Every structure is written in structure tokens, then in C-alpha cells.
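[1] only the shape, not the letters, is given here:
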């Protein structure tokens with residue numbers, strides 16, 4: 001008695017599936033750096049904090065400059081946050097939340113420093129503007 005030849009398993013063709021990763025959302029809070037005013041021996045800088053989320057949000061700005069001296073940092077018309085500095089790095093933690101869909105300018109006065117920071121972040125996300 002003869003048997004029919006053995007047939008191996010059939011393999012279905014594979015189909016390419018699109019990635020199921022969710023698209024990346026922009027950060028809830030971001031920042032944009034600029035120089036507001038420059039003068040002999042120093043400048044006034046600003047990080048504009050923008051809240052693109054639907055809820056009020058606290059924020060932390062960190063900026064790094066080579067050398068120089070930070071004279072002061074402020075947000076006009078609201079309770080001030082907390083400023084810490086160490087070896088050319090400055091961290092400002094908000095005193096108030098930035099409202100949903102709103103913005104808040106953090107300004108600072110630096111002396112004897114380059115107007116271009118080595119780094120600038122808002123909640124760990126790199127600032128734009130330079």
C-alpha cells in the first residue's frame with residue numbers, strides 16, 4: 001500500500017502591520033529662551049513658559065551659563081518661586097502654576113556671562129529659541 005507523500009505545514013504569508021505606538025505628545029509645559037535686553041557687563045534674559053495642556057501646571061526651569069553672576073530672577077506680578085544655584089547652574093521652581101493654555105515669563109539678570117546658555121530646560125525638556 002502506498003501512502004501519499006507527507007506534506008509539511010503550510011505557512012501563511014506575513015503581512016506588514018503598522019506600528020501600534022501612540023504618537024508622541026508635545027510636553028505639557030515648554031519654554032522659549034530669549035535675551036530681552038543687553039547692556040555693558042550683563043543682560044536680562046527670559047524663558048517664556050507655555051502650558052499647552054488642559055490643566056494648570058507647576059514648572060521648573062534650569063539654565064546653565066559659563067561663568068557670570070546671577071543677580072536676580074523673577075516672575076512679575078505673582079508669588080515668587082524658589083531659586084537655587086550651583087556652579088553656573090540655576091534652577092527656578094515655580095511659585096504658582098501656569099494656567100492651562102497660558103504662559104508665564106521668567107526673567108533673570110546675569111552679569112559677566114555669555115548671553116547664550118550652555119543649556120536651558122523646562123521640566124527636563126530643552127528650551128527653544130537658541
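    Arrived safely, thanks for sending. The structure presented is a predicted model; accordingly, all values stated were derived computationally and were not measured. Residues are numbered from 1 along each chain as shown.
[2] every contact and neighbour count from this point should use C-alpha atoms.
    Noted.
[3] check what pLDDT the closest residue to residue 74 other than its chain neighbours gets.
    Once flanking residues are discounted, residue 74 sits nearest to residue 107: 5.4 Å by C-alpha to C-alpha, 6 or more residues apart in numbering. Looking at residue 107, its pLDDT reads 97.
[4] contacts for stretch 30-48?
    Residues outside stretch 30-48 that contact it (C-alpha atoms under 8 Å, 6 or more residues apart in numbering): 49-52, 103-113, 115, 120-123, 125-130.
[5] strands of the chain, residue ranges please.
    For the chain, the strands defined by DSSP state E occupy 29-39, 42-51, 60-64, 69-74, 82-86, 89-93, 103-111, 119-122, 125-126.
[6] pLDDT below threshold where in the chain?
    1-26 (pLDDT under 70).
[7] run the last query once more with 90
    Scanning the chain for pLDDT under 90 picks out the ranges 1-27, 66-68, 76-77, 86-88, 130.
[8] please state the offset of stretch 52-70 from the chain centre?
    With C-alpha atoms, centre = their mean, to the nearest Å as the basis, stretch 52-70 stands 8 Å off its chain's centre.
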